[in-house]
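Student: One predicted model, sequence on top.
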Amino acid sequence: MIMEQWKVVAWVTLLQIVVNYSLFYQGLNLVPGALGAVVYGAQPLIIAVVAAVLHKDDKLTRKKIITIIFGISGVILISVGRQAFKLGTALELVGIMMILTGNIATAVSNVIISIRSKDINPFVLSSSSLFFGGIILYLISIPVEAGPKGPLPVKYWLDLLWLSFMAATAFSIWFKLLQRPGVKVSELNLWKFITPVTGAGLSWLIVPDEHPEWLTISGMIIITVSLILYYRDTKVVTLVENI
């Protein structure tokens, strides 16, 4: 299956794994956490624009644009509520451009998966792109970053195993959803606005000294309401059944 669909696997590996991950993490190191969260939170907007350009059946609508605006507003409020929001050096601008470029790479990859990956199992596509992309990133890291010093603790390997499992599961489900008939790339990516909401909620439960802020709660409410209003006139039950 990989040999028959090697072009799709190659493009997804390059865009979704190599370009996106390398630029996102490097860019995140150059900007404050709150700013990085906002830039990355704009991914549904980037994907909606790219999908409208590359996919004739996935056009931007007024309803979709309004939902995206409210979603990004909510992300900004959540980020400001958790960390001081600031924009300073030219190096931070470089970081912003790297994160945005990673967003564009993800957008193109999502469209490719939606249009051209119907003949490949999503689990095969997920595992092969993560495997080959992981090897490429590891090889790139050798001259760029110093290797680990000394034996690594058991906690490191347990965390690595858990994160690997979560990444593989998430990518497989996401690719499966992108392949479903009638699922639009831009609409599916609107659900990524849920990420900062769940992230903030989990941090309050898990991380010491984390507590709700009124700005953060306001942002979570805005995101939730915007998604509810967007899908109010759609067949949500059918979407849940398809998932």
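Tutor: In hand now; what should we look at?
Student: Any stretches of this structure with poor pLDDT?
Tutor: The model of the chain has pLDDT under 70 over residues 34, 81-88, 233-243.
Student: element containing residue 31, please.
Tutor: Secondary structure assignment for residue 31, by DSSP states H and E: no helix or strand.
Student: same question but for residue 119, I mixed them up
Tutor: Using DSSP H and E, no element contains residue 119; it sits outside every helix and strand.
Student: ok, it - contacts?
Tutor: Residues in contact with residue 119 (CB atoms under 8 Å, 6 or more residues apart in numbering) are 4-5. (Glycine included, C-beta is placed from N, CA and C.)
Student: Tell me the backbone dihedrals of it, please.
Tutor: With angles defined as degrees, to the nearest 10, residue 119 sits at phi -100, psi 10.
Student: The chain should start at 6 in everything you say after this.
Tutor: Noted, 6 is the first residue going forward, which turns the last one into residue 124.
Student: From residue 230, how far out is it?
Tutor: 39 Å (CB to CB, to the nearest Å).
Student: distance of residue 26 from residue 226?
Tutor: To residue 226, residue 26 is 31 Å away according to CB to CB.
Student: Please say which of those two ends up with more neighbours.
Tutor: More neighbours surround residue 26 than the other of residue 26 and residue 226, with 17 against 13 (other CB atoms under 10 Å).
Student: There's contact between the more buried one and residue 141 in this structure, I believe.
Tutor: No - applying CB atoms under 8 Å, one finds residue 26 not in contact with residue 141, separated by 10.0 Å.
Student: element containing residue 157?
Tutor: Per DSSP H and E, there is no helix or strand for residue 157.
Student: ugh, wrong one, I meant residue 29
Tutor: When elements are assigned from DSSP H and E, residue 29 belongs to helix 25-33.
Student: Repeat that for residue 55.
Tutor: Here residue 55 is assigned to helix 48-59, by DSSP H and E.
Student: ditto for residue 143
Tutor: Under the criterion of DSSP H and E, residue 143 resides in helix 127-149.
Student: Show me the strands in the chain, by range?
Tutor: Using DSSP state E, the chain contains no strands.
Student: and the residue lying farthest from the centre of it, what are its phi and psi?
Tutor: Relative to the centre of the chain, the most outlying C-alpha is that of residue 155, 33.0 Å out, by CA atoms, centre = their mean. Torsion angles at residue 155 (phi, psi; degrees, to the nearest 10) stand at phi 80, psi 170.
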